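**Student:** got a predicted structure here, sequence first:
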Amino acid sequence: MKTKIKQINFKFNDKNILKAKFILKKYPKKFSSSALLPLLHLAQDQLDGWLNKPAIEYIAKYLNIPLINVYEVATFYHMFNLEKVGKYCIHVCTTTPCWLKGSDNILRQIEKNFKIKVGNTTKDNQITLKEIECLGACINAPLIKINNNFYENLSSKDVQNLINKIKEEKKIHLTKNNA
């Protein structure tokens, strides 16, 4: 008896095909590979926050570039997740400017509130917590990124407000006051 192996495929959905075509129009044909970053983001958003191997292979074929080039980019940038993540993927910057402004306290506050350690996802797949190097807005330290949104100049109270909104399943968004 042969065991059937489920083939996992990926392709952009109809909405994202239109977006991909729009993205590609921004680049000269001979530089279409320059669309790699936005197409990786598009695929990751379609897959609820992570990139699987079929998505990476699809983008390589879509752009007609070597697969290794796509892997190099997907593994280099911290913004791409190559493993499934929770509904809320929280990145805490802990480089020197953020650390000097209390990012270590923010990290502990998130760990305590969600009963999770850095690098893990909660059992209910709601929260993934990651410690990362530099989100590129050091002047506004400390900061965190939740999914695709940045939260800057955070106080302990701001972080607690974000945590409460996540726990209440309220939509969080970037506001002038952060939380």
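**Tutor:** Arrived safely, thanks for sending.

**Student:** give me the nearest residue to residue 57, chain neighbours excluded.
**Tutor:** residue 67 (6.2 Å; Cβ to Cβ, 6 or more residues apart in numbering). All C-beta atoms are positioned from the backbone trio N, CA, C, and that covers glycine.

**Student:** check what pLDDT that neighbour gets.
**Tutor:** On the pLDDT scale, residue 67 is placed at 97.

**Student:** how much space separates it from residue 117?
**Tutor:** For residue 67, the distance to residue 117 equals 33 Å [Cβ to Cβ, to the nearest Å].

**Student:** when the two are compared, which one has more neighbours?
**Tutor:** Neighbours per residue, other Cβ atoms under 10 Å: of residue 67 and residue 117, the larger number sits with residue 67, 13 against 9.

**Student:** could you tell me which residues make contact with that one?
**Tutor:** Shown in contact with residue 67 (Cβ atoms under 8 Å, 6 or more residues apart in numbering): 56, 57, 60.

**Student:** kindly report the same for residue 23.
**Tutor:** Residues in contact with residue 23 (Cβ under 8 Å, 6+ apart) are 35, 38, 39, 42.

**Student:** after the helix or strand hosting it comes which helix or strand?
**Tutor:** In this structure, residue 23 sits in helix 14-24 according to DSSP states H and E. Elements were assigned by DSSP H and E; along the chain past helix 14-24, the next helix or strand is helix 36-46.

**Student:** that next one vs helix 14-24, what angle?
**Tutor:** 170 degrees (axes from the mean of the first three to the mean of the last three Cα atoms, to 10 degrees).

**Student:** output helix 36-46 as CSV, nothing but the C-alphas.
**Tutor:** C-alpha atoms of helix 36-46 as CSV (Å, rounded to 0.1, in the frame of the first residue of the first chain):
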residue,chain,number,x,y,z
LEU,A,36,11.6,40.4,-4.1
LEU,A,37,11.0,42.1,-0.7
PRO,A,38,7.5,43.3,-1.4
LEU,A,39,6.5,40.0,-2.9
LEU,A,40,7.9,38.1,0.1
HIS,A,41,5.8,40.4,2.4
LEU,A,42,2.8,39.7,0.2
ALA,A,43,3.2,36.0,0.5
GLN,A,44,3.9,36.2,4.2
ASP,A,45,0.7,38.2,4.7
GLN,A,46,-1.3,35.6,2.7
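
**Student:** appreciated, that's everything.
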